[in-house]
Structure formats: structure tokens, C-alpha cells
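**Q** My questions concern the predicted model and sequence given below.
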Amino acid sequence: MKIITLLALFFGCGMALVNAEPSSSSSKKDQKKAKDTNIVKNIVESSKAKKDGEVCELPKTDAELRKLLSPEQYRIMKENGTERPFENKYWNNKHPGIYVDLISNEALFSSKDKFDSNSGWPSFSKPIKDERVVEKKDATHGMTRTEVRSKTADAHLGHVFDDGPSDAGGLRFCINSAALKFVPLEKMEEMGYDKFLPLFDKKDWEKANKEPYKN
């Protein structure tokens, strides 16, 4: 198991455990899940439209940001941290929908571009729109990688590698679940993301209706 974990670190998002927190007890995980759910609920309820009803008002101070995010989310999004592989919310999520920035609510990735990379992190072949992410050189931890940040919130999302599916462009956007909020297909119109509905087809709708998403 230790060998598998080490391989995941070097061939996945890279050096994850350098920044990752130790595994917590089940009670702490339950508390964190409840807090994360409340955070998402508060973001949706307090959202103030700025761009097609999609982007909410951004926190103006670090104190406001810390109030919005859990300690783990802050560590990852503002301190360039990395969550543990296979122990995060969306690595194995196969439900149709979109993934949005947890801070700004801006749509970043689609399930149509998500694939199983066997890395333990959510992996996408491309962002929903290229201009919504920013790539920067990352030379930390003795490696040279390409960091991916959300443009609007300027938050760390993960890294991009060139070992993705060749038939989809060859890229792998390795993204932290803690930086994202998943919006299931059946909730997209209700939550103001109807302009992205054309990305999905009849089969996606059949799957969504047959197996409703459970948060």
C-alpha cells in the first residue's frame, strides 16, 4: 500500500503528502462534511449575480475568505496545498454535471471531459473554457510542473500534465476536489448554469434521471 501511495504522488498531482493533512477520524470527517455542506449552501444563497448569474460576490478580505472556506479548502486554494489521493470527494464521481470554483461559483470543468486517470484525483482533458483558468510555472518540491489556477478567484486548483488521453488532446488537468463544487445536470438550470446545458446529450439526461445525484 505504501508503494502504491508513493507512485500516486509522483505520477498523479505530484508530492501530495508534502501538503496533505493526516487522515482524520470518522467523527471529524462527518463534522467536516456537514460544514462543507453548509458552506456550499451559504455560497448559493448569498450569491450576487455579476456575470450571467454565474459568479457570486468575491470575499474582499482574507478574514472573509477564511470564514467562507474550511481550513482544508483554504489550505488548498490559497496556500497551494494538495489533498490526499483517493480520499477526496469527486475523484470517482461519474454523475453528469459541471464543476465550479468553490469561491467564485464560476464553471470550470465538465463531466463530459472527466476521465479515470487512476491517480486518485479528479482528472479532466480540458477546462470548460480555456480563459477560465490560468497556468503558471511551479518549481516547488524539487519538480517543475504547471500549476492551474482559477482566473476569477485566483485560487489554486491543481496541476496540468501531458499524459492525458491522446484522442482528447493529451492533457490531464489534475484538480483538487476541495477547490470545486459539483453541480449535477438536473440542478444546473435551477442554479443558473443553463447556458452549459447544450454540452450534454440525451444519454446524460437519462443517467441523471435514473440515478439522482446524492451529495
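**A** Now that the structure is in, tell me what you want to look at. Residues are numbered from 1 along each chain as shown.

**Q** For this structure, which residues score under the pLDDT cut-off?
**A** 1-53 (pLDDT under 70).

**Q** Go again with 50.
**A** 1-11, 15-25, 39-51 (pLDDT under 50).

**Q** helix/strand/coil for residue 192?
**A** coil (DSSP: H, G, I helix; E, B strand; the rest coil).

**Q** what's the burial count for it?
**A** 18 (other Cβ atoms under 10 Å). Heads up, the C-betas are built off the backbone N, CA and C, glycines and all.

**Q** Tell me the spacing between it and residue 90.
**A** 20 Å (Cβ to Cβ, to the nearest Å).

**Q** ranges for the strands of the chain?
**A** 97-101, 107-110, 114-115, 123-124, 133-138, 145-150, 155-161, 172-175, 180-184 (DSSP state E).

**Q** by how many degrees do the last one and strand 155-161 diverge?
**A** If I follow you right, that is strand 180-184. 80 degrees (axes from the mean of the first three to the mean of the last three Cα atoms, to 10 degrees).

**Q** partners of strand 180-184, with directions?
**A** Strand pairing for strand 180-184, using DSSP bridges, gives strand 97-101 (antiparallel).

**Q** Now the partner strand: buried residues?
**A** 97, 98, 99, 100, 101 (16 or more other Cβ atoms under 10 Å).
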